[in-house]
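**Q** sequence and predicted structure, then a few things I'm wondering about:
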Amino acid sequence: MKSSYNGKPIPADGSAIGYAGGELQVPDTPTIPFIEGDGTGRDIWRASRRVFDAAVAQAYGGKRRVAWFEVFAGEKAFNTFREWLPSDTVDAIRDFRIAIKGPLTTPVGGGIRSLNVTLRQVLDLYSCERPVKYFPGVPSPVR
């Protein structure tokens, strides 16, 4: 694991999530990379982070918390590094085993392909599972 990604040092107060014996090993203060996102992503991220932090505090009685670590993709990455998806961002997501991202732009008219598709392909993430519940008497295309 590197000591910094995209020129930013990893948080000293957090630890990476490990993997042993077929299970994730989650420390009390996991370092979780985040991509703020473009457009409404900045507003969504600020609100989401408050909700995530409050949920962790409530669930663990203040004994656990997240050490957030910003990594870059999208417009913010392009404006800072002249790259839409820096390799350090992908490396950080791989190294920390988890990340969260806001909505990312895909410029119209070519130039780059969807960053969401690129992330799924380079990280080998091909599952998007969503829970479905059937309610008797309610029309539904699935059961």
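**A** Great, that's in hand.
**Q** centre of the chain to the lowest-mean-pLDDT helix or strand in the chain, how far?
**A** Averaged element by element with mean pLDDT, DSSP states H and E, the chain has its least confident helix or strand at helix 115-122 (a mean of 88). How far helix 115-122 lies from its chain's middle: 12 Å, per Cα atoms, centre = their mean, to the nearest Å.
**Q** go on, stretch 78-97?
**A** 12 Å.
**Q** span of that stretch from start to end?
**A** 24 Å (Cα to Cα, to the nearest Å).
**Q** buried stuff in the top helix by length along the chain?
**A** As assigned by DSSP state H, the longest helix anywhere in the chain is helix 41-60. Within helix 41-60, the residues that count as buried by 16 or more other Cβ atoms under 10 Å are 41, 45, 48, 52, 56. Using the backbone N, CA and C atoms, a C-beta is placed for each residue, glycine as well.
**Q** can you pull out the residues in contact with stretch 50-64?
**A** 28, 29, 65, 66 (Cβ atoms under 8 Å, 6 or more residues apart in numbering).
**Q** burial count for the residue nearest to the first one when sequence neighbours are not counted?
**A** Think residue 28. Spatial nearest neighbour of residue 28, chain neighbours left out: residue 64 (4.8 Å); criterion: Cβ to Cβ, 6 or more residues apart in numbering. The number of residues packed near residue 64 is 14, by other Cβ atoms under 10 Å.
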